[in-house]
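Participant: sequence first, predicted coordinates after that:
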Amino acid sequence: MKLSILVLILVASTYGSSHPVRWAGSQMPTPAAGPSLDETLQWIKSSLNSDHTDLTGIRLITSFTHQGCDVTLVKIGGRLTLLRADFNLAAIAYLRVRTEAGGSNTNGTNLIFQTAGKRSIRAIRPSLAAAAGLTPTPDAQNLLSWQIGYVRVGAENPYIELGQRLVNAFSHAVALCGGRLRKEPF
């Protein structure tokens, strides 16, 4: 009886571990790792890609593409490319959802991607550069705020739940790409 309880405790304490456990010369199975990288990124793509008209009547197109662990996010407003960001998923150290005022009558929900150390996110804002008469050049930054949606103040915000699901999916993809998300210090 005591031996079976010990075995049960050992199995229960190692379940969910990413390291297989050896027991009396054999290897216990490791639980399934979840969806593949491609399945995960396809789900993210289907959740992020959109083509709609915003509250002001401007057509907004959001595009997510990937090649392996390298991803690209593009936001187009009307005929202008508002933002393009390229990064490798393994570079992401922090990932969260943030809701903030988007003006006097809207709240926006954003995914916040943050790198650490010398890794960066390549971002370019071509329409802003062109409006200033400059040649658009990529900017290396360690923080990217990507809006996934917004609602009028006081309205129910479905983007918060979607944002958390996207954080979970991106977290899984970061791990599959060899990255490791860090915990916020506070």
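Facilitator: Happy to help now that I have it.
Participant: alpha carbons only: can I get whichever strand or helix holds residue 46 in CSV?
Facilitator: Here residue 46 sits within helix 37-48, counting by DSSP states H and E. Extracted in CSV, the C-alpha atoms of helix 37-48 (Å, rounded to 0.1, in the frame of the first residue of the first chain):
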residue,chain,number,x,y,z
LEU,A,37,4.0,25.9,-34.2
ASP,A,38,2.2,26.0,-37.5
GLU,A,39,-1.2,25.2,-36.0
THR,A,40,-0.7,27.8,-33.3
LEU,A,41,0.4,30.5,-35.8
GLN,A,42,-2.5,29.6,-38.1
TRP,A,43,-4.9,30.2,-35.2
ILE,A,44,-3.3,33.5,-34.3
LYS,A,45,-3.5,34.5,-38.0
SER,A,46,-7.2,33.6,-38.1
SER,A,47,-7.8,35.6,-34.9
LEU,A,48,-5.8,38.7,-35.9
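Participant: from the contact counts, what lies against it?
Facilitator: strand 59-67, helix 159-176 (3 or more Cβ pairs under 8 Å, 6 or more residues apart in numbering; DSSP states H and E). In this view, the C-beta of every residue, glycine as well, is placed from N, C-alpha and C.
Participant: after it, next one along is what?
Facilitator: Moving toward the C-terminus from helix 37-48, the next helix or strand (DSSP H and E) is strand 50-53.
Participant: paired strands for that next one, with orientation please.
Facilitator: Strand pairing for strand 50-53, determined by DSSP bridges: strand 59-67 (antiparallel).
Participant: touching, residue 109 and residue 97? I think so.
Facilitator: Yes: counting by Cβ atoms under 8 Å, residue 109 does reach residue 97; the two are 6.5 Å apart.
Participant: shared neighbours of these two, anything?
Facilitator: Shared contacts of residue 109 and residue 97 (Cβ atoms under 8 Å, 6 or more residues apart in numbering): 160, 163.
Participant: more neighbours: which of these two?
Facilitator: More neighbours surround residue 109 than the other of residue 109 and residue 97, with 23 against 18 (other Cβ atoms under 10 Å).
Participant: just to revisit the earlier point, switch the helices and strands packed on helix 37-48 over to a markdown table; also include distance to residue 123, mean neighbour count and mean pLDDT.
Facilitator: As requested, the helices and strands packed on helix 37-48 are exported to a markdown table (distance: least, Cβ to Cβ, whole Å; neighbours: other Cβ atoms under 10 Å; pLDDT from 0 to 100):
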| stretch | distance to residue 123 | mean neighbour count | mean pLDDT |
| --- | --- | --- | --- |
| strand 59-67 | 15 | 15 | 94 |
| helix 159-176 | 17 | 18 | 96 |
